[in-house]
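>>> All I have is the shape, not the residue letters:
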């Protein structure tokens with residue numbers, strides 16, 4: 001990728017000329033400047049200026065001179081200019097972008113597939129909602145995010161495992177049992193509880209809860225995830241952790257490392273040693289284990305299965321658990337191998353008002369409710385347009401709208417429009433057969449401003465995959481696809497694709513259109529959204 005090549009060249013000359021600045025690879029930020037101001041921009045001169053106490057613009061000009069040999073040797077670079085307070089703006093030649101079409105159409109869906117410097121075995125654990133009822137939007141938001149992050153990591157060359165942790169052990173399972181029995185300790189309500197109550201033949205609350213949790217997992221949660229287009233490699237049972245003795249074993253390890261102490265009859269993990277605000281109970285004075293003990297054993301189990309890195313996607317209501325779990329993972333010898341990503345809440349808007357009615361549960365909207373309203377594609381795409389740190393206002397009316405106002409419709413329509421163009425181009429087959437399409441096309445013809453904008457955007461796709469895999473920022477992919485659709489619609493309005501009187505231009509533009517289709521389809525696949533051929 002040119003972005004990385006430029007970054008390395010800048011690092012090399014900076015190291016040689018100003019070694020005292022100790023500039024690192026991560027200090028050299030490569031960005032995309034506003035259109036018309038180059039293809040790549042770097043702000044390293046400003047960073048150098050702060051360190052060296054010199055003028056940033058003068059440093060930038062000196063750096064351009066130092067990069068002169070590199071730019072001469074690399075034919076794809078047209079020129080380098082200084083902008084603003086010292087930005088280095090790199091302009092690439094048009095033929096670099098024009099030649100990209102062959103690469104995309106030759107690679108197909110493999111365009112953007114990366115070969116990482118370090119390949120890791122990564123587990124992405126997401127959703128993991130208690131098996132006590134339908135998946136609601138609070139924990140369901142993490143489903144498209146976790147699934148798409150996993151797909152992006154695979155695209156970036158990592159080996160990925162998708163997992164759902166089933167909390168089928170503990171107090172919430174007993175409460176579920178009481179709810180199914182409809183006794184004085186019942187808490188859960190809804191149609192599903194009524195159905196389980198009629199089917200139940202057990203009397204012990206915990207046994208009832210475990211039976212009910214198994215039914216909910218198989219009959220509600222798994223189908224709900226499949227409706228959302230998600231397939232987990234494994235639904236991992238917390239109950240099995242306890243039954244196998246792994247929870248007691250990890251507690252013993254922490255005791256041997258003197259990280260657990262006894263106070264007021266309870267056993268406490270020294271979480272404060274690892275940055276938490278207070279120590280945490282791991283075993284109550286009654287002898288009952290807290291959920292925390294199971295969490296530690298589960299993470300130990302993850303790394304024992306050979307995962308180099310673990311990513312947990314949790315709802316915002318788990319923010320208080322982050323430091324204690326990170327600390328526990330460090331305590332068992334896996335520091336910096338666990339990442340925890342939190343997702344914020346979802347508000348559903350209908351007819352301009354917050355929408356709260358649920359057909360299945362009575363107190364919240366389930367993922368299935370929303371899918372029934374607007375479809376899987378709209379749920380996934382719109383959820384993913386937001387950063388995981390941002391709250392979502394999901395507008396049902398917008399999600400149903402079949403116009404350019406609806407982002408998923410806008411992108412899918414671009415793909416369908418391209419498929420229509422390619423079908424129409426089949427009528428030219430006889431003329432193309434007389435003169436091979438590859439012979440009559442001329443990529444240098446793609447010099448129109450609209451065409452070059454499209455090509456430059458296609459060039460960004462592999463770099464986008466690399467950045468999203470690195471920073472875990474999935475929301476940039478829908479934004480990229482919306483922008484690509486926008487550029488394609490602009491191109492289509494200004495440039496006639498099929499012209500029987502100009503076969504060379506027609507053949508060339510068809511190849512450009514085909515490349516756009518490839519990237520749109522692959523981007524939608526990564527999002528778990530369909531790429532329709534007709535709309």
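It's in. This is a predicted model, so every value here is computed, not measured.

>>> Touching stretch 67-85 from outside, list them.
2, 5, 9-10, 13, 33, 37-38, 41, 45-46, 56-57, 60-61, 64, 88-93, 95-96 (CB atoms under 8 Å, 6 or more residues apart in numbering). Where C-beta positions appear, they are placed from N, C-alpha and C, glycine not excepted.

>>> among these, which are in helices?
2, 5, 9-10, 13, 45-46, 56-57, 60-61, 64, 95-96 (DSSP state H).

>>> Dump these to a markdown table, plus distance to residue 221 and neighbour count.
Compiled in a markdown table, the ones in helices among the contacts of stretch 67-85 are given as follows (distance: CB to CB, whole Å; neighbours: other CB atoms under 10 Å):
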| residue | distance to residue 221 | neighbour count |
| --- | --- | --- |
| 2 | 45 | 18 |
| 5 | 46 | 14 |
| 9 | 51 | 20 |
| 10 | 49 | 24 |
| 13 | 55 | 19 |
| 45 | 53 | 26 |
| 46 | 51 | 16 |
| 56 | 55 | 21 |
| 57 | 59 | 17 |
| 60 | 56 | 26 |
| 61 | 61 | 15 |
| 64 | 58 | 19 |
| 95 | 53 | 15 |
| 96 | 49 | 18 |
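
>>> and which of those residues is nearest to residue 463?
residue 2 (8.2 Å; CB to CB).

>>> how many other residues sit next to the closest residue to residue 141 other than its chain neighbours?
In space, and not counting its chain neighbours, residue 141 is closest to residue 343: 4.8 Å by CB to CB, 6 or more residues apart in numbering. A count of neighbours around residue 343, defined by other CB atoms under 10 Å, yields 28.

>>> my guess is residue 343 meets residue 313, correct?
Yes. With contact defined as CB atoms under 8 Å, residue 343 reaches residue 313; the gap is 6.6 Å.

>>> so what sits against both of the two?
Counting by CB under 8 Å, 6+ apart, the residues touching both residue 343 and residue 313 are 142, 145, 388.

>>> residue ranges with poor pLDDT in the stretch 151-300 of the chain?
Along the stretch 151-300 of the chain, segments meeting pLDDT under 70 are nowhere present.

>>> Which parts of it are strands?
159-166, 234-237, 260-263, 266-269, 280-283 (DSSP state E, counting those that start in this stretch).

>>> In a markdown table: those strands, plus mean neighbour count and distance to residue 478.
Output for the strands of the stretch 151-300 of the chain, formatted as a markdown table (neighbours: other CB atoms under 10 Å; distance: least, CB to CB, whole Å):
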| stretch | mean neighbour count | distance to residue 478 |
| --- | --- | --- |
| strand 159-166 | 20 | 20 |
| strand 234-237 | 17 | 28 |
| strand 260-263 | 13 | 45 |
| strand 266-269 | 20 | 40 |
| strand 280-283 | 21 | 38 |
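
>>> any chance of these in CSV, plus distance to residue 254?
Listed next are these as CSV, based on distance: least, CB to CB, whole Å:
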stretch, distance to residue 254
strand 159-166, 20
strand 234-237, 21
strand 260-263, 5
strand 266-269, 7
strand 280-283, 8
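
>>> re the thing from before, ranking the shared contacts of residue 343 and residue 313 by neighbours, who comes first?
Most crowded among the shared contacts of residue 343 and residue 313, counting by other CB under 10 Å, is residue 142 at 26 neighbours.

>>> Tell me, how many residues neighbour the closest residue in space to that residue that isn't next to it in sequence?
Nearest residue to residue 142 in three dimensions, chain neighbours excluded: residue 313, at 4.3 Å (CB to CB, 6+ apart). Using other CB under 10 Å, residue 313 has 25 other residues around it.

>>> Then residue 313 would be within a helix, right?
No. Assessed with DSSP: H, G, I helix; E, B strand; the rest coil, residue 313 is strand; it does not lie in a helix.

>>> Following the chain onward from the lowest-mean-pLDDT helix or strand in the chain, which element is next?
Least confident helix or strand of the chain, by mean pLDDT, DSSP states H and E, is helix 437-440 with a mean of 58. Of the helices and strands lying after helix 437-440 in sequence (DSSP states H and E), the nearest is helix 449-459.

>>> separation between residue 203 and residue 183?
Residue 203 sits 10 Å away from residue 183, going by CB to CB, to the nearest Å.

>>> Ignore what I typed, I meant residue 280.
On the measure of CB to CB, residue 280 and residue 183 end up 31 Å apart.

>>> OK, contacts around the residue nearest to residue 142?
124, 125, 126, 127, 142, 145, 146, 149, 341, 343, 388.

>>> Let's see which of those end up in strands.
124, 125, 126, 341, 343 (DSSP state E).

>>> ok, of these, which come out buried?
Neighbour-count burial (16 or more other CB atoms under 10 Å) applied to the ones in strands among the contacts of residue 313 gives 124, 125, 126, 341, 343.

>>> Spatially nearest residue to residue 124 (excluding sequence neighbours)?
residue 150 (4.4 Å).

>>> rewinding a little: which strand residues sit across from the residue nearest to residue 142 in the sheet?
residue 126, residue 341 (DSSP bridges).

>>> Look at it and report its pLDDT.
We have a pLDDT of 98 for residue 313.

>>> tell me the helices in the stretch 301-450 of the chain, going along the chain?
With DSSP state H, counting those that start in this stretch, the ranges of helices along the stretch 301-450 of the chain come out as 322-331, 367-374, 376-384, 396-400, 407-425, 429-434, 437-440, 449-459.

>>> Could you tell me the least trusted of the ones you listed?
helix 437-440 (a mean of 58).

>>> Same question for stretch 71-83: list its buried residues.
Buried-residue list, stretch 71-83, by 16+ other CB under 10 Å: 71, 74, 77, 80, 82.

>>> Show me the two of these that sit farthest apart.
Pairwise over these, using CB to CB, the maximum falls at 74 and 82, 19.0 Å.

>>> what's residue 41 in contact with, if anything?
Here residue 41 is in contact with 30, 31, 32, 33, 83, 87, 88, 89, 90 (CB under 8 Å, 6+ apart).

>>> let's see it at 10 Å
Contact analysis of residue 41 by CB atoms under 10 Å, 6 or more residues apart in numbering lists 6, 29-34, 81, 83-84, 87-90.

>>> So what's the residue count around residue 32?
Residue 32: 15 neighbours (other CB under 10 Å).

>>> now stretch 312-322, how far from the centre of its chain.
17 Å (CA atoms, centre = their mean, to the nearest Å).

>>> what about it, start to end distance?
10 Å (CA to CA, to the nearest Å).
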